[in-house]
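Undergrad: Provided below for reference: sequence and predicted model.
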Amino acid sequence: MLRRLAALAACAVLLAAAATGSLYVTTLPSGADVWIDGTYVGRSPMVADALSAGRHTVGLAMAGWTPQQVDVAIVAGQTTLSSTKLDRTGGKAAGSGTLAIRGVPVRAVYLDGVPVKPGKDGTFAASAGSHELAVRTPKGRITRTITVWPATRTDVVLSPNVEPQRPSVLAPADVYVPANAIRIDGAKIVVRYRNHEIVARFGETVYKVDGKTVDYAEAPTQIGNRLYLPLELLAALSGRADRAPDPR
């Protein structure tokens, strides 16, 4: 009788052990504080083991991001994945992340129109938030809008099959718009004409056209007192696409 009770007790222990599972918690961005059923267990990404099978509540919190609660179901003998994208509480994202370009041979990289130099491992740091990425390859130029998450590495995978992009032709801006429509403040250029607004910067190839980001592949330049901008941009702005630039 005692042996039978001991065997039953051993079976109960084995059944109790088998009725647990594990939970792998990841967040974007990583580094969020994690609570399981009200108990603090660490920062994401992390693994919690020996959780009883059934429903559990995962709490996530990170400074500058909206706290979240996620219900998960633990299955005995299995690892459950909980992956959550956090939302900003407002304002710009803080911190920085890492970018890497994959899939194409890279000749030059521009972030928001500014050249950057990847490290030996092909990665480079970038501030958290949305950016305009431009990559020069042997076949042409590829542009993408990408998001950088703080304390997170993002691999940007590009296709090598791209059409070659010809550099923009620069033309004197005062041929297409009145001089009083152009304002230059240091490196910043603002053109307001016919209910349009162009914002650009010397040395950067990315332009803001009526709030939309456009990469014209060539940065604005100044020769003497004349401002030169991409001909395609000026023609669209003035509505005079058939007019050639002034050769003066």
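TA: On my side now, so go ahead. Source: prediction; values computed, not measured.

Undergrad: now do the same for the spatially most central residue of the chain: its pLDDT.
TA: In the chain, the C-alpha nearest the mean C-alpha coordinate belongs to Thr147, at 1.0 Å (C-alpha atoms, centre = their mean). As predicted, Thr147 sits at a pLDDT of 89.

Undergrad: ok, it - contacts?
TA: 129-131, 154 (C-beta atoms under 8 Å, 6 or more residues apart in numbering). C-beta here means a position set from N, CA and C on the backbone, and glycine is covered the same way.

Undergrad: who is it paired with across the strands?
TA: Going by DSSP bridges, Thr147 is paired in beta bridges with Ser130.

Undergrad: contacting residues around the spatially closest residue to Gly113 that is not a sequence neighbour?
TA: In this structure, Gly113 finds its nearest non-sequential neighbour in Glu204, 3.0 Å apart by C-beta to C-beta, 6 or more residues apart in numbering. Going by C-beta under 8 Å, 6+ apart, Glu204 touches 112-114, 219.

Undergrad: would you mind checking those residues for buried ones?
TA: Buried members of those, scored by 16 or more other C-beta atoms under 10 Å, are 112-113, 219.

Undergrad: point out where this protein drops to low pLDDT.
TA: 1-18, 90-93, 162-168, 240-248 (pLDDT under 70).

Undergrad: restricted to helices, list the buried ones among the contacts of Glu204.
TA: Counting by DSSP state H, no part of the buried ones among the contacts of Glu204 is found in helices.

Undergrad: closest to Ala236 out of the residues you listed?
TA: Nearest to Ala236 among these, counting by C-beta to C-beta, is Ala219 at 18.0 Å.

Undergrad: ok, that closest one to Arg201 distance?
TA: Counting by C-beta to C-beta, to the nearest Å, the gap from Ala219 to Arg201 is 8 Å.

Undergrad: swap in Pro67?
TA: As defined by C-beta to C-beta, Pro67 lies at a distance of 38 Å from Arg201.

Undergrad: okay, these two: which has more neighbours?
TA: Set Pro67 next to Arg201 and count neighbours by other C-beta atoms under 10 Å: Arg201 wins out with 18 against 14.

Undergrad: ramachandran angles for the more buried one?
TA: Backbone dihedrals for Arg201, given as degrees, to the nearest 10, come out at phi -140, psi 140.

Undergrad: can you dump the C-alpha atoms of stretch 61-71 in PDB for me?
TA: Extracted C-alpha coordinates of stretch 61-71, given in PDB (Å, rounded to 0.1, in the frame of the first residue of the first chain):
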ATOM      1  CA  ALA A  61       6.400  49.200 -19.800                       C
ATOM      2  CA  MET A  62       9.100  51.400 -21.100                       C
ATOM      3  CA  ALA A  63       9.800  55.100 -20.500                       C
ATOM      4  CA  GLY A  64       8.400  57.100 -23.400                       C
ATOM      5  CA  TRP A  65       6.200  54.300 -24.700                       C
ATOM      6  CA  THR A  66       2.600  53.400 -23.900                       C
ATOM      7  CA  PRO A  67       2.300  50.500 -21.300                       C
ATOM      8  CA  GLN A  68       0.500  47.500 -22.600                       C
ATOM      9  CA  GLN A  69      -1.000  44.300 -21.200                       C
ATOM     10  CA  VAL A  70      -1.100  41.100 -23.300                       C
ATOM     11  CA  ASP A  71      -2.900  37.900 -22.600                       C
END
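
Undergrad: may I have the phi/psi pair for Asn180?
TA: Torsion angles at Asn180 (phi, psi; degrees, to the nearest 10) stand at phi -70, psi 0.

Undergrad: correction: Ala236
TA: According to degrees, to the nearest 10, Ala236 has phi -70, psi -40.

Undergrad: stretch 208-223: end-to-end distance?
TA: This stretch, stretch 208-223, spans 22 Å end to end (C-alpha to C-alpha, to the nearest Å).

Undergrad: and the contacts of that stretch?
TA: With contacts defined as C-beta under 8 Å, 6+ apart, stretch 208-223 is touched by 110, 113, 132, 134, 141, 143, 145, 165-168, 170, 184, 189, 196-207, 227-230, 232-233.
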